[in-house]
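Chemist: Predicted model and sequence below, questions to follow.
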Protein chains: 2
Amino acid sequence: MAKVTKLSGFPEWLPDGRIAELTVLDTARRVFELHGFASIETRSVEPLEQMLRKGEIDKEVYLLRRLQAAEGESDAGLGLHFDLTVPFARYVLENAGHLEFPFRRYQIQKVWRGERPQEGRFREFTQADIDVVDRDTLAFHHDAEMAVVMATLLAELPIPRAVVQVNNRKLAEGFYLGVGAADTAAVLRNVDRLDKIGAQKVADLLVSDAGLTAEAAQACLAMASIRTSDTSFVERVLALGVRNDLLDEGLDELARVVSAANAVVPGAVVADLKIARGLDYYTGTVYETQLIGYENVGSIASGGRYDSLASDGKQTYPGVGISLGVTRLVSILLGRALVSVSRSVPSAVLVAVIDEEARPASEAVATALRARGIPCEVAPKADKFGKQIRHADRRGIPFVWFPDDAGDSVKDIRTGDQGPADSALWNPPPADLHPSVRSTVAQEEAP
Amino acid sequence: MAKVTKLSGFPEWLPDGRIAELTVLDTARRVFELHGFASIETRSVEPLEQMLRKGEIDKEVYLLRRLQAAEGESDAGLGLHFDLTVPFARYVLENAGHLEFPFRRYQIQKVWRGERPQEGRFREFTQADIDVVDRDTLAFHHDAEMAVVMATLLAELPIPRAVVQVNNRKLAEGFYLGVGAADTAAVLRNVDRLDKIGAQKVADLLVSDAGLTAEAAQACLAMASIRTSDTSFVERVLALGVRNDLLDEGLDELARVVSAANAVVPGAVVADLKIARGLDYYTGTVYETQLIGYENVGSIASGGRYDSLASDGKQTYPGVGISLGVTRLVSILLGRALVSVSRSVPSAVLVAVIDEEARPASEAVATALRARGIPCEVAPKADKFGKQIRHADRRGIPFVWFPDDAGDSVKDIRTGDQGPADSALWNPPPADLHPSVRSTVAQEEAP
């Protein structure tokens, strides 16, 4: 292997960065399981025609072809999945007879998109999703639950403060209908560009592209500017004077999400009426999540309610879910040095080797420590002790163990303290047992 | 989404099967970290020319193409990786300046091969690899370490007994040279088919294809039939009367691996002189692993020493590693019902809901339990209690919690026992806290 190629959009982390990523992944799994979500994985590929049914994303799919495929052989039009929601819907349909509903699952996997790479946007990235699906109807309280679980997870991570922003498609569509819009999708599409092109350009497009009156366009912009941490958004929308039944339904749903979420995670979930989400399968609640101070990188956790994504013609499985963009989040943490990692290896102890003939004695110490859950490694060479200590130091391993027929000893190489130790009894301080990841920015940290 | 397609070779598990897989993955990670291996992940794609340099596998690579790629645009010839060793070698070269050597890493990821699916052989599957690489030279004791770590991991899994079989390329090649073979690769290739086509056909091919004399072919077969759990294979090989320096070196290396491994994991590692491993990058020690009673499914953990896989022209990074075939192993466990899973959801407790207005009270109980690490879920509907209990029962959730203004209670729905409980204090028995996976076959289980 001679040439080495970095591939834009396919990030890889060094071992300490991977420890930061593992902290995110482990915390996500723990929080999801505490909330009763079961793990599943789906295959990485889906038939192309399945993925294309969901619009928008079709430009960005990677197709597969076997290198040795016969001329014209297409491998049945398989592509790499671009999210975990569409594969999950297919999994539910395929396995409905074996699942208990409502079915709560989490799924942590890589997805692929052939997009142009830029900050926070990758061609291969990891997502951590939770969804709940039920048969025929899905109780609405799950819409609040998704925001609560994600806010709970984000609060446990060593990251800047995050705020889950919630909106509702019915609210938006009802409002657009109420101001006389004929093509509500065109209004939504343009309002979705608010952060990118600004209010004036969106107002112009709402007239020229979506066919609104100037007054209606201004009402839509006024509505989109509403953001409240409680249910006061309802009054503010109603004060705009627009009336529509679907709007009322959306206002009611969003108010229920915001008030239920604030009862559990105060201040972590807000109503933000400009949130649109591009994907066309959402039918009610939609979520995005800002990392405070790093809003320009985009949402780090997004999702929504989809009432008709999974249907086999006879039965429909409505669902609601939210997805943490693990790679995007980790790339911010590492790229902006927002976390520090205590060491790059799992080992808490390096067991020194006196000479190669005595290696089995050092292995025996390591085996004894491992049996009690203490990660360790044996020095690769029987160098002088100073060199073995430097070996540990370069890796951030805090302790070096010296086997000795007259009695072993262990040295904390940070302080230089050294004392006798028994491999059947000794423990490192709990904080040194595993690598730790800490936020480098002032936060509302646990006391 | 209407039609649902099963894809041969792309396995998916139901939630209880996934719990069995997570047990394998979690145990692998724990054992690897206890031995000081750091986690890394590499991107899923590699430039095709990198992968093709390693021979054999080229037939089976999946190439990628963006759906909207311009005519003739090739995405730089990217393919999905077919193993984790070649990407790891590339990662080491790319990041050598940021790594400490010897570099010990584990890597648990999916790989893809366009092979014809059959039992134990998939198009998408998960591997769990450990490797150690160093600059210029890598100490030989790591060759024993790989076998020890894998044997230790396999002994901790709820699976039938597994035996790591070790051989050495130098031993085999030296022996073939010693019997006068001109094309040792042809001899190796044919001996590698011993399990598939039998001794007589291999003997014929060694004469017709590899150009050996009938006597030399018989000597090679006699050598390949040697399997010992200690170092007695050395005498048995020497008794065949073949002499060669490379043979001596291989015998010595293999003897060192077998004796060092048996000092740590007695009986779990044997010398088996028919093990060849098809891949062409191994240069010394090679490993395969039999699951006793299920040998016909193939090796569940394989690897070897590679002295020249990673080289940038100036510097070479020799390595040794072994890879657990997670998907193959799990498919055996699930397909043959060799494990039972205690429940299909993480929840230990279902918190009942008295009526929808009282849902926040049930949520508060769940929050209190989760704060102390007890996975739970709140009943999705305020059905009659009998129905809520059946909801828990269908999922295998052992406990149902009843909030009550006069004092909560909790019921073990397996025994019917119900008693008062405080959500700030109550704990389930430790065995019920998380789902458990047990072997269904008699084994040398821990007492």
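Modeler: That came through, no problem. Please read these numbers as outputs of a predicted model, since none were measured by experiment. Residues are numbered from 1 along each chain as shown, chains lettered A, B, ... in the order given.
Chemist: Now do the helix or strand hosting residue A:400: everything it contacts.
Modeler: Element membership for residue A:400, per DSSP states H and E: strand A:399-402. Contacts of strand A:399-402 with the rest of the structure, by Cβ atoms under 8 Å, 6 or more residues apart in numbering or on different chains, involve A:348-352, A:362, A:365, A:369, A:376, A:385, A:388-389, A:392, A:408-413, A:421, A:423, A:428, A:432. Backbone N, C-alpha and C define where each C-beta goes, glycine included.
Chemist: Return only those of the residues you listed found close to chain B.
Modeler: residue A:376 (Cβ under 8 Å from any Cβ of the partner chain).
Chemist: Please pull out the lowest mean pLDDT helix or strand from chain A.
Modeler: For chain A, using mean pLDDT, DSSP states H and E, the weakest element among its helices and strands is helix A:48-52, scoring a mean of 78.
Chemist: Contacts (any at all) between chain B and the helix or strand that it is followed by?
Modeler: Per DSSP H and E, the first helix or strand lying C-terminal to helix A:48-52 is strand A:62-66. Yes - using Cβ under 8 Å from any Cβ, strand A:62-66 reaches chain B at A:62-66.
Chemist: Could you spell out the sheet neighbours of the strand or helix carrying residue A:307, each with its direction?
Modeler: Using DSSP H and E, residue A:307 falls within strand A:301-311. Counting by DSSP bridges, the strands paired with strand A:301-311 are strand A:285-291 (antiparallel), strand A:316-325 (antiparallel).
Chemist: How about residue A:271, nearest residue that isn't a chain neighbour?
Modeler: residue A:233 (4.5 Å; Cβ to Cβ, 6 or more residues apart in numbering or on different chains).
Chemist: repeat for residue A:403
Modeler: Residue nearest to residue A:403 in three dimensions, not counting chain neighbours: residue A:361, with 4.9 Å by Cβ to Cβ, 6+ apart.
Chemist: and the one you found, that's in a strand?
Modeler: No - read with DSSP: H, G, I helix; E, B strand; the rest coil, residue A:361 is helix and lies in no strand.
Chemist: Return the residues in contact with the residue nearest to the spatial centre of chain A.
Modeler: By Cα atoms, centre = their mean, chain A has its centre lying nearest to residue A:324, at 2.0 Å. By Cβ under 8 Å, 6+ apart, residue A:324 lies in contact with A:24, A:28, A:127-129, A:150, A:153-154, A:300-301.
Chemist: now it, which residues is it bridged with?
Modeler: Listed by DSSP bridges, the beta-bridge partners for residue A:324 are residue A:128, residue A:301.
Chemist: as a whole number, average confidence for the helix or strand that the strand holding residue A:400 is followed by?
Modeler: Using DSSP H and E, the next helix or strand after strand A:399-402 towards the C-terminus is strand A:409-412. Mean pLDDT, computed over strand A:409-412, is 98.
Chemist: list the helices and strands strand A:409-412 packs on?
Modeler: On a contact count with 3 or more Cβ pairs under 8 Å, 6 or more residues apart in numbering or on different chains; DSSP states H and E, strand A:409-412 meets strand A:399-402, strand A:418-420.
Chemist: count of neighbours near residue A:218?
Modeler: Neighbours of residue A:218 under the rule other Cβ atoms under 10 Å in any protein chain shown: 17.
Chemist: Surely it is in contact with residue A:203?
Modeler: Yes - between residue A:218 and residue A:203 there is a contact at 6.7 Å, judged by Cβ atoms under 8 Å.
Chemist: which non-adjacent residue is nearest residue A:46?
Modeler: Counting by Cβ to Cβ, 6+ apart, residue A:46 lies nearest to residue A:81, which is 5.2 Å off, once chain neighbours are set aside.
Chemist: For residue A:142, which residues are in contact?
Modeler: A:102, A:132, A:320, B:380.
Chemist: Now do it, the pLDDT please.
Modeler: Reading off the model, residue A:142 has pLDDT 98.
Chemist: before we move on, back to that, give the pairing partners of the strand holding residue A:400; include direction for each.
Modeler: strand A:349-351 (parallel), strand A:409-412 (antiparallel).
Chemist: Just the mean pLDDT for the shortest one, thanks.
Modeler: When the per-residue pLDDT values of strand A:349-351 are averaged, the result is 98.
Chemist: from the chain's centre, how far out does that strand sit?
Modeler: With Cα atoms, centre = their mean, to the nearest Å as the basis, strand A:349-351 stands 35 Å off its chain's centre.
Chemist: After the host helix or strand of residue A:93, which helix or strand is next? Please name it.
Modeler: Here residue A:93, judged by DSSP H and E, is contained in helix A:85-95. Downstream of helix A:85-95, the first helix or strand assigned by DSSP H and E is strand A:103-112.
Chemist: pLDDT averaged over that following strand - what is it?
Modeler: Averaged across strand A:103-112, the pLDDT comes to 98.
Chemist: residues in contact with that strand?
Modeler: In contact with strand A:103-112 (Cβ under 8 Å, 6+ apart) are residues A:25, A:28-29, A:32-33, A:35-42, A:44, A:62, A:80-84, A:88, A:92, A:123-134, A:326, B:15, B:44, B:110, B:345, B:377.
Chemist: So which of those sit within helices?
Modeler: Per DSSP state H, helices hold the following members of the contacts of strand A:103-112: A:25, A:28-29, A:32-33, A:88, A:92, A:326, B:15.
Chemist: If any of these are buried, put those into a ChimeraX selection.
Modeler: Buried subset of those, written as a ChimeraX selection, criterion 16 or more other Cβ atoms under 10 Å in any protein chain shown:
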select /A:25,28,29,32,33,88,92,326 /B:15
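Chemist: Which pair in the ones in helices among the contacts of strand A:103-112 has the greatest spatial separation?
Modeler: A:25 and A:92 (23.6 Å; Cβ to Cβ).
Chemist: ok so, going back, closest to chain B out of the contacts of residue A:324?
Modeler: Nearest to chain B among these, counting by Cβ to the nearest Cβ, is residue A:153 at 11.7 Å.
Chemist: The residue nearest to residue A:216 when sequence neighbours are not counted and chain B, how far apart?
Modeler: Of all residues not flanking residue A:216 in the chain, residue A:179 sits nearest, at 3.9 Å (Cβ to Cβ, 6+ apart). Counting by Cβ to the nearest Cβ, to the nearest Å, the gap from residue A:179 to chain B is 33 Å.
Chemist: Can you list phi and psi of residue A:179 for me?
Modeler: Recorded main-chain torsions at residue A:179 are phi -90, psi 0, according to degrees, to the nearest 10.
Chemist: give the contact list for it.
Modeler: Taking Cβ under 8 Å, 6+ apart as the test, what residue A:179 contacts is A:212-213, A:216, A:219-220, A:242.
Chemist: repeat for residue A:418
Modeler: Here residue A:418 is in contact with A:409-412 (Cβ under 8 Å, 6+ apart).
Chemist: ok, back up a step: name the residues that touch the helix holding residue A:93?
Modeler: Taking Cβ under 8 Å, 6+ apart as the rule, helix A:85-95 contacts A:40, A:42-43, A:46, A:50-51, A:54, A:81, A:99, A:103, A:105, A:107, A:129, A:131, A:133, A:281, A:303, A:306, A:309-312, A:317, A:319, A:321, A:323, B:1, B:4, B:6, B:12, B:14.
Chemist: Buried members of the residues you listed into PyMOL, please.
Modeler: Applying 16+ other Cβ under 10 Å to the contacts of helix A:85-95, the buried members can be selected in PyMOL as follows:
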select buried, (chain A and resi 40+42+43+46+50+51+54+81+99+103+105+107+129+131+133+281+303+306+309+310+317+319+321+323) or (chain B and resi 1+4+12+14)
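Chemist: If we ignore the residues flanking it in sequence, what's nearest residue A:126?
Modeler: Nearest residue to residue A:126 in three dimensions, chain neighbours excluded: residue A:326, at 4.2 Å (Cβ to Cβ, 6+ apart).
Chemist: these two touch, right, the one you found and residue A:25?
Modeler: Yes - with contact defined as Cβ under 8 Å, residue A:326 counts as touching residue A:25 (6.5 Å).
Chemist: Lovely, talk soon.
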